[in-house]
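Q: structure for the following, please:
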Amino acid sequence: MGAIKRRWLALGLAAATNFAAYYNYDAIAPLAEMLHSQRGFSATQIGLLNAVYSLPSIPLALAGGVLVDRIGPALSALIASALGFLGAVLTAIGQPFGVMLLGRLLFGTGGEALYIALLVAVAQWFGPARAGLAMALFFALARVGSYLADISPAWGRAVYARGVYAPLWLAAAIAGGGLACALGFWWLERGRERGQALGPALGPARTHAPVRLADLRGLGRAFWQICWLNVLFASVFFPFRSTFSIQYFQATRALSLAEAGLANSWVFFAAIIATPLCGFVADRCGRRASLLALGASLMPLNFALLAAHGNLWISTALMGVSFSVIPAVIWPATSMLVPAQKLGSAFGLINMLQSAGLAVSNLAVGGLNAHFQAGAANPAGYGPMLWWFGGWACVGALCAYGLLWGEWRASGHGLERAG
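A: Numbers count the residues shown, from 1 in each chain. Okay, here's the model as predicted:
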């Protein structure tokens with residue numbers, strides 16, 4: 001197989017593995033009302049199911065990134081995918097609540113390590129010149145997973161009619177498919193690491209030199225600005241869209257479960273198309289810091305519109321554009337700021353902080369909604385949730401503008417340049 005075909009096959013297998021992980025993470029949101037009505041779960045328990053996904057990554061994400069730098073992304077991805085599959089199965093078993101919680105914990109333990117490993121793998125296979133489009137395509141397939149999870153009450157109506165456990169077993173089966181793709185990627189990567197049939201386009205196989213945690217000091221102000229933007233964006237977007245939004249739309253807009261899932265899914269549907277376009281533009285035209293500032297600016301506007309009971313589809317469009325721009329640009333931009341031999345460790349550090357943000361945000365908003373008795377009988381109870389998300393979105397936008405200001409001063413880091 002030629003070098004270019006191997007590169008695209010590697011991207012396809014990595015993206016399919018990530019697709020399965022994203023579907024499983026987002027499988028909880030469409031079930032929120034069923035978990036409440038059929039299992040008697042409180043808002044705090046529902047928030048905990050996604051919060052606990054992030055908890056293991058707080059201490060383990062950085063260690064996972066260092067491990068990726070040492071044993072390689074393919075083997076790391078295979079181990080993480082197997083752990084995620086086990087977690088998905090335990091989540092589907094679901095009784096008692098502790099077993100379900102353990103499943104989400106194991107899924108989270110594998111999920112973040114898998115994400116780091118696959119990001120590093122795509123960066124290695126494609127290199128800086130092509131990373132924008134490649135990572136955008138990688139994320140686009142992940143959005144397909146989120147989109148299908150959100151609209152699963154519609155296309156999987158017969159599955160949902162069988163009760164709350166059947167959709168969870170469907171998610172576990174998809175996780176099994178992701179494990180098979182991770183195995184295929186590992187097999188393909190073995191040839192890359194042995195230097196077989198790589199060709200000049202891919203360059204030499206990478207050696208995995210030991211990385212010391214002390215090496216992560218001095219990564220520079222630009223790295224930390226992009227790191228905090230990533231953390232804050234994820235801590236706003238994912239808890240809202242993947243945990244609380246569908247239930248919020250049902251309670252405040254009198255939508256059915258299928259209608260609320262469809263409204264939520266359009267964010268991911270837009271990202272499927274727009275994310276590769278943003279990655280292509282970043283590769284060709286540069287302006288990465290400007291694109292990040294634009295994307296981050298749209299998030300506070302989204303929550304202001306929701307708080308004012310504005311048009312739901314305009315809100316969805318704002319969040320969809322933001323969600324298309326930031327993931328397509330932020331990871332390739334990070335790879336430009338960090339030496340290649342430290343990339344896994346740097347991604348791990350970002351994901352460690354991001355996981356802490358996700359856990360805190362899910363738990364805090366679940367507690368706020370429970371304290372203010374948010375629900376269909378009291379839609380105003382969701383007000384504190386919107387203030388929470390909107391406030392942190394504003395802080396994230398300030399980080400993005402700080403990064404842009406740094407690029408305008410002196411020579412910057414080349415984020416605004418093409419290529």
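Q: give me the number of residues near Ala380?
A: Neighbour count for Ala380, taken as other Cβ atoms under 10 Å: 10. C-betas here are computed from N, CA, C, even on glycine.
Q: what of His309?
A: By other Cβ under 10 Å, the residues close to His309 number 10.
Q: what of Cys394?
A: 17.
Q: what does Leu170 give?
A: Leu170, neighbours per other Cβ under 10 Å, totals 18.
Q: how close does it sit to Gln95?
A: Here Leu170 is placed at a distance of 17 Å from Gln95 (Cβ to Cβ, to the nearest Å).
Q: tell me where the model's unsure across this protein.
A: Applying pLDDT under 70 to the chain picks out residues 1-2, 54-58, 128-129, 191-219, 410-413, 418-419.
Q: in it, spot the helix with the most residues.
A: In the chain, assigned by DSSP state H, the helix with the most residues is helix 97-150.
Q: packing partners of that helix?
A: Packed against helix 97-150 by the contact rule (3 or more Cβ pairs under 8 Å, 6 or more residues apart in numbering; DSSP states H and E) you find helix 3-26, helix 43-54, helix 57-71, helix 73-93, helix 165-193, helix 257-285, helix 312-337, helix 343-371.
Q: of the ones you listed, give the one that comes closest to Ile226.
A: helix 312-337 (5.8 Å; Cβ to Cβ).
Q: could you give the angle of that closest one to helix 257-285?
A: Taking axes from the mean of the first three to the mean of the last three Cα atoms, to 10 degrees, one finds helix 312-337 and helix 257-285 inclined to each other by 40 degrees.
Q: how far off centre is helix 312-337?
A: Relative to its chain's centre, helix 312-337 lies at 11 Å (Cα atoms, centre = their mean, to the nearest Å).
Q: what residues of it count as buried?
A: Neighbour counts using 16 or more other Cβ atoms under 10 Å place 312, 315-337 of helix 312-337 among the buried residues.
Q: just checking, what packs against that helix?
A: Counting contacts by 3+ Cβ pairs under 8 Å, 6+ apart, helix 312-337 packs against helix 97-150, helix 221-239, helix 257-285, helix 288-307, helix 343-371.
Q: what's the first helix or strand after the longest one?
A: Just to be clear, that refers to helix 97-150. On the C-terminal side of helix 97-150, the closest following helix or strand by DSSP states H and E is helix 152-155.
Q: got the contact list for that next one?
A: Ala27, Pro30, Leu148, Val159, Tyr160, Pro167, Leu170, Leu257, Ala258, Gly261, Leu262 (Cβ atoms under 8 Å, 6 or more residues apart in numbering).
Q: do stretch 103-112 as well
A: Contacts to stretch 103-112, defined as Cβ under 8 Å, 6+ apart, come from residues 21, 24-25, 49-50, 52-57, 60-61, 64, 79-94, 175, 351, 355.
Q: do the same with stretch 21-28
A: By Cβ under 8 Å, 6+ apart, the list of residues contacting stretch 21-28 from outside reads 35, 46, 49-50, 53, 81, 84, 88, 91, 107, 111, 114-115, 142-143, 145-146, 148-150, 152, 167-168, 171-172, 174-175, 178, 242-243.
Q: how distant is that stretch from the center of its chain?
A: The chain centre lies 10 Å from the centre of stretch 21-28; the measure is Cα atoms, centre = their mean.
Q: for stretch 176-190, same thing?
A: With Cα atoms, centre = their mean, you get 20 Å for stretch 176-190.
Q: so which of the contacts of helix 152-155 is the most crowded?
A: Ala27 leads these on contacts (other Cβ under 10 Å) with 27 neighbours.
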